[in-house]
Every structure is written in structure tokens, then in C-alpha cells.
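> Fold the following, please.
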Amino acid sequence: MAKAAKDKWIYYQRPGNESATRLFFFPYAGKGASGYRELADSFGPGVEPVLVQTPGREGRLAEPAVADLGELVVQLADALRGRMDVPFAFFGHSMGSLIALELAAHLERTEPGLPGPLGLFVSAETAPHLLLPPQVPDDRLSDAEFLADRTRVREDSPLLSDPLFTELMLPSYRADCRLVERYTATARDTVLRCPVSAFTGEYDEIVPPESVAGWKQHTAGRFRLRLLPSGEHAFFEAESLPLITAAVEGDLRAARQS
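Predicted coordinates:
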């Protein structure tokens, strides 16, 4: 059974075995922690998934989303420090990859005497040094202009088809976009001590494999790139889950043995 969440930052935590590695998942743009639930439940007992809920989504919808990555990282470090008392690692999809990277770097920088993450797992996100700022910053766009921009809102997004969803989620989604845009324009040279493993769809045209391969520059440790056998939604397809879980579990075992 899932362990009851003790604070608002934890959406879900499933206990593993006595030697499990605690794996923290960080949300992607416009989504809440529940988006990881199926993946989290696919892991064996050697992984203890912890789905992190940041402000502005799902049970924390009434709170304003944090649009500055540095500020969010400080809040996360304070909120999660007490749960980093066992071997742990970070996982992020899309925007969550950047959050996980900068939180890991923050911990390495501010708490050098404490064990850092065993590894960083990133999915469907361009390497930070390859990210390009948009031609028009988010804060210069009206809501209508934002929704009409297909580089920000895809044609199949519920933001375009569900008025109630748009009313509830557009502020948080725009804050997520500003977070990424501000990060893109500033800190893009972070290098971690821990290994980095990256995933992307083999035929993803939005985040192609060569842009994800660039994550190699953001670790002083080992880097691994794995291609999932499908397109831009590869991460969320059922056939990808066992590939991801097997890769993560294998990398974590290797990290603990090294």
C-alpha cells in the first residue's frame, strides 16, 4: 500500500524493500504529479517512487505556480531534505528534467558533505545548453496570443478544447513556460558529479535524439542515452514503461555497486 503523504509536496510515495533507492519524480509543464503514477507503479521493490507535487497543480491548484527555477529549487530542497536520508535519485520528464538537474546541482553545491543523488534520469528534454529562448517572451503575449502559438500549445492540447480546463490551468501552464524561458536565457552550464541517463522517442521530431544526447555535457560521470521505439509521446506509451523501468533499475543497481 502507498505510504500516506505527510505534506503537500508529496503526492504519492510507495515503499520499496529495505535496500530500495528512493526515486523522486518532478512534474512536467502543465501537469501534476499524477502523470507519473502508472510509471511509478511499474517499478519493482528495489525502487521507492516519490511523486513530488509543486505549487499550482492538482491538490495545490489554489497556490500560484513558481515561475522562477532558482526559487523553486530552494523550496524543493527545504521540503525534501528530510526524505533524502536513504540512497536517492531524481527523475524528470520535459520541464521536470530541468528541475531535477538544478536541484541536484543545488544539493551538490550547498551540501557537499552529504551524499548527493545516485543519478539523474531525464526524458524528452533538450540538453540545457542547446535550449533556445522564444522569439517573443511569454510575458509579452496575451492569453489569446499564447494559445494561438503552436510552439507553446500543441493542436491536441485540452487548453484549446476544454474551456473549464483552460480557465483552471492556463495560469500554471504559462508560469511553467516562463520558468523554462527564464532558465534558457541564464543558467545553462550546470555539470553534475552524478551520472545522467536520458530517454527520448526514436522518431521524436519535437525533441529529437541528437538534442537529448547533449545531456552528456552536463555530467562529469557516466552518460547513457536510450531511444524509445516510437514518436513524440513515447514516454507515455505502454510499451515504453518496461523499457524505462528496466533501464532505471539497472542504472541504480550499478550506481550503488560502484
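
> Would you mind finding the longest helix in the protein?
Taking DSSP state H as the criterion, the chain has its longest helix at helix 163-184.

> Which secondary structure elements does it sit against?
helix 69-80, helix 95-110, helix 143-148 (3 or more C-beta pairs under 8 Å, 6 or more residues apart in numbering; DSSP states H and E). From N, CA and C alone the C-beta is placed, and that goes for glycine too.

> Could I get the buried residue list for that helix?
166, 169-184 (16 or more other C-beta atoms under 10 Å).

> Over to stretch 221-233?
So, applying 16+ other C-beta under 10 Å, buried residues of stretch 221-233: F223, R224, L225, R226, L227, L228, S230, E232.

> Ok, stretch 49-65 next?
Under the neighbour-count criterion of 16+ other C-beta under 10 Å, stretch 49-65 has P49, V50, L51, V52, Q53, T54, P55, G56, R57, R60, A65 buried.

> Of the helices and strands packed on helix 163-184, which stretch is the most buried?
helix 95-110 (a mean of 22; mean count of other C-beta atoms under 10 Å).

> So which of the buried residues of stretch 221-233 sit within strands?
Among these, the members found in strands (DSSP state E) are F223, R224, L225, R226, L227, L228.

> what's the distance between the fifth one and P208?
In other words, L227. 10 Å (C-beta to C-beta, to the nearest Å).

> Tell me the residues that contact both of the two, please.
Shared contacts of L227 and P208, defined by C-beta atoms under 8 Å, 6 or more residues apart in numbering, comprise T200.

> ok, back up a step: just the buried residues of stretch 221-233: which has the poorest pLDDT?
Least confident of the buried residues of stretch 221-233 in the model: E232, at 57.

> still on that earlier bit, indicate which one of the helices and strands packed on helix 163-184 is closest to P45.
Closest of the helices and strands packed on helix 163-184 to P45 is helix 69-80, at 21.8 Å (criterion: C-beta to C-beta).

> Let me know the angle separating the closest one from helix 95-110.
70 degrees (axes from the mean of the first three to the mean of the last three C-alpha atoms, to 10 degrees).

> Check what pLDDT the closest residue to G16 other than its chain neighbours gets.
Leaving aside its chain neighbours, G16 sits nearest to E48 (3.6 Å; criterion: C-beta to C-beta, 6 or more residues apart in numbering). Turning to E48, the model gives it a pLDDT of 97.

> ok, what's across the strand from the residue nearest to A247 when sequence neighbours are not counted?
Spatial nearest neighbour of A247, excluding adjacent residues (C-beta to C-beta, 6+ apart): R226 at 5.5 Å. For R226, the beta-bridge partners under DSSP bridges are F199.

> Touching, R226 and V196? I think so.
No: using C-beta atoms under 8 Å, R226 makes no contact with V196, being 11.7 Å away.

> Could you say which helix or strand holds P112?
Here P112 sits in a region with no helix or strand, counting by DSSP states H and E.

> one step back: in terms of distance to R22, which of the ones in strands among the buried residues of stretch 221-233 ranks first?
The closest of these, once distances to R22 are taken by C-beta to C-beta, is R224, at 20.6 Å.

> got a list of what the closest one touches?
With C-beta under 8 Å, 6+ apart, R224 has these contacts: P195, V196, S197, A198, A247, D251.

> give the contact list for the second one.
When you say that, I think you mean V196. V196 sits in contact with G119, L120, F121, V122, W215, K216, H218, T219, G221, R222, F223, R224, where contact means C-beta under 8 Å, 6+ apart.

> how much space between the residue nearest to A247 and A29?
22 Å.

> What of F146?
Counting by C-beta to C-beta, the gap from F146 to A29 is 13 Å.

> so A20 touches G44, yeah?
No: between A20 and G44 there is no contact under C-beta under 8 Å: 9.1 Å.

> For the two, indicate the residue with more neighbours.
The neighbour count for A20 versus G44, taken as other C-beta atoms under 10 Å, is higher for A20 (20 against 11).
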